[in-house]
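# Have a look at this fold, sequence not included:
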């Protein structure tokens with residue numbers, strides 16, 4: 001009985017060692033990207049913020065152009081209304 005316990009422990013130990021060896025082999029076969037060529041998290045955040053800032057600038061420019069267009073329309077309407085009342089009177 002004691003011998004079968006030792007055999008089970010030995011088989012278990014061999015199985016664990018084989019699993020660990022297989023895991024190390026999987027890591028060795030994968031591609032490793034050197035740290036110098038991987039962009040850091042801060043770089044990604046900076047690029048994201050740059051794109052967001054450009055989007056905000058475009059939006060602000062579009063809103064400014066729309067606002068200017070609406071102001072010109074309102075001034076033109078007011079001028080037309082004024083000219084209509086002057087010519088009637």
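It's in. Since the structure is predicted, the reported quantities are computational estimates derived from the model, not experimental observations. Numbers count the residues shown, from 1 in each chain.

# Would you map the helices across the protein?
Assigned by DSSP state H, the chain shows helices spanning 2-29, 41-88.

# what's the spacing between residue 69 and residue 62?
Relative to residue 62, residue 69 is positioned 11 Å away (CB to CB, to the nearest Å). Yep, even glycine has a C-beta here, placed from its N, CA and C like the rest.

# returning to that earlier point: which of the helices of the chain has the lowest average pLDDT?
If you rank the helices of the chain by mean pLDDT, helix 2-29 sits at the bottom with a mean of 64.

# hang on, the earlier thing: could you redo the helices of the chain as CSV and give each row mean neighbour count?
Conversion of the helices of the chain to CSV gives the following (neighbours: other CB atoms under 10 Å):
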stretch, mean neighbour count
helix 2-29, 9
helix 41-88, 10
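
# Backbone dihedrals for residue 32, both of them.
phi -110, psi 120 (degrees, to the nearest 10).

# burial measure for it, as a count.
7 (other CB atoms under 10 Å).

# And the pLDDT at it?
Per-residue pLDDT puts residue 32 at 74.

# How about the one 3 residues further on?
Model confidence at residue 35, expressed as pLDDT, equals 67.

# One more: the one 4 residues further on?
What the model reports for residue 39 is a pLDDT of 66.

# Could you report the separation of residue 60 from residue 66?
Taking CB to CB, one finds residue 60 at 11 Å from residue 66.
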